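Undergrad: attaching a predicted model along with its sequence, questions to come.
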Amino acid sequence: MTQISAELSVEKVQEIKNEVGLIVSKANALTITTPELYIVATDMAKTITERKKFVINEFKEPKDLAKKAHLAIVAMEAKCLEPLNEARYILDRKRIAYDEQQELIRRAKQREAEEEARKQQAKLEAQAEKKAIKAEKNGDKATAEALRQDVPQVPIPVVEKETPIIKGTSKRRMWKARIVDETKIPRKYLIPNMVAINGIAKAEKDKASIPGVEFYYEDILTERV
């Protein structure tokens, strides 16, 4: 016999499903057209209530055992994962701190490189201007203009960050939110407390009143079995 759990077999579940299917078929087939059939429907509703209790009872112990087992396994898993998650968090913070430090160093070196390139460029332009002035004094304006126009451009080097580029590893910025003053949160970001509102409906019934909320009722048939 195949077992779903130590207390419930596949065959037993199939037996319950067959019985439930038969009850559902009878409920679908019944059309209430007379007082007698109304009574039949009521008796059938009572039977359904009884069978629901039976089904719930049949599954209760297996569910309780499964829940306890699941909770125990989840707890053991959490105990094993927690130190690993903590270790990963520590390493990630250290790697990010190192990367940020290297970025600061890179920016400083980049500024130095740009300043050195600017100085070299200024020196070349000064030399070209000196030659251009000399050419103008000799009456060679064309050469003077060419000297001013053809000053070599000193390339600005790009300083790379020294953090190693590792395949499969990347950094992305993930924005989060924390509440600092809930009284200032716009209404569209607030979720109504339906548990509390329905509690008011049950307690105050037709006397209940909350702005923006409609209170209503639904008739539900119940049977004592």
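TA: Sure thing, it's come through.
Undergrad: those strands in this protein, which residues are they?
TA: Shown for the chain, no strands are assigned by DSSP state E.
Undergrad: what about the longest helix in it?
TA: helix 35-137 (DSSP state H).
Undergrad: what is that one packed up against?
TA: helix 10-29, helix 141-149 (3 or more C-beta pairs under 8 Å, 6 or more residues apart in numbering; DSSP states H and E). Where you see a C-beta, it was placed from the backbone N, CA and C, and this is true even at glycine.
Undergrad: and the angle for the longest one with helix 35-137?
TA: Translated: helix 10-29. Relative orientation of helix 10-29 versus helix 35-137 (axes from the mean of the first three to the mean of the last three C-alpha atoms, to 10 degrees): 110 degrees.
Undergrad: quick one: average confidence on helix 10-29?
TA: Mean per-residue pLDDT for helix 10-29: 92.
Undergrad: just checking, what packs against that helix?
TA: helix 35-137.
Undergrad: pLDDT weak spots in the chain?
TA: Scanning the chain for pLDDT under 70 picks out 1-7, 223, 225.
Undergrad: and residue 36, which of the helices and strands packed on helix 35-137 is closest to it?
TA: Of all the helices and strands packed on helix 35-137, it is helix 10-29 that lies closest to residue 36, at 15.6 Å by C-beta to C-beta.
Undergrad: of all the residues in that closest one, which ones are buried?
TA: Across helix 10-29, burial judged by 16 or more other C-beta atoms under 10 Å covers 13, 16.
Undergrad: alpha carbons of that helix, as CSV, please.
TA: Provided in CSV are the C-alpha atoms of helix 10-29 (Å, rounded to 0.1, in the frame of the first residue of the first chain):
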residue,chain,number,x,y,z
VAL,A,10,-2.9,7.0,-1.4
GLU,A,11,-5.8,4.5,-1.5
LYS,A,12,-7.5,6.2,1.4
VAL,A,13,-7.1,9.6,-0.3
GLN,A,14,-8.6,8.2,-3.5
GLU,A,15,-11.5,6.8,-1.6
ILE,A,16,-12.2,10.2,-0.1
LYS,A,17,-11.9,11.9,-3.5
ASN,A,18,-14.4,9.5,-5.0
GLU,A,19,-16.9,10.1,-2.2
VAL,A,20,-16.5,13.9,-2.6
GLY,A,21,-16.9,13.7,-6.3
LEU,A,22,-20.2,11.8,-5.9
ILE,A,23,-21.5,14.4,-3.4
VAL,A,24,-20.6,17.2,-5.8
SER,A,25,-22.3,15.5,-8.7
LYS,A,26,-25.5,15.1,-6.6
ALA,A,27,-25.4,18.8,-5.6
ASN,A,28,-25.0,19.9,-9.2
ALA,A,29,-27.8,17.6,-10.4
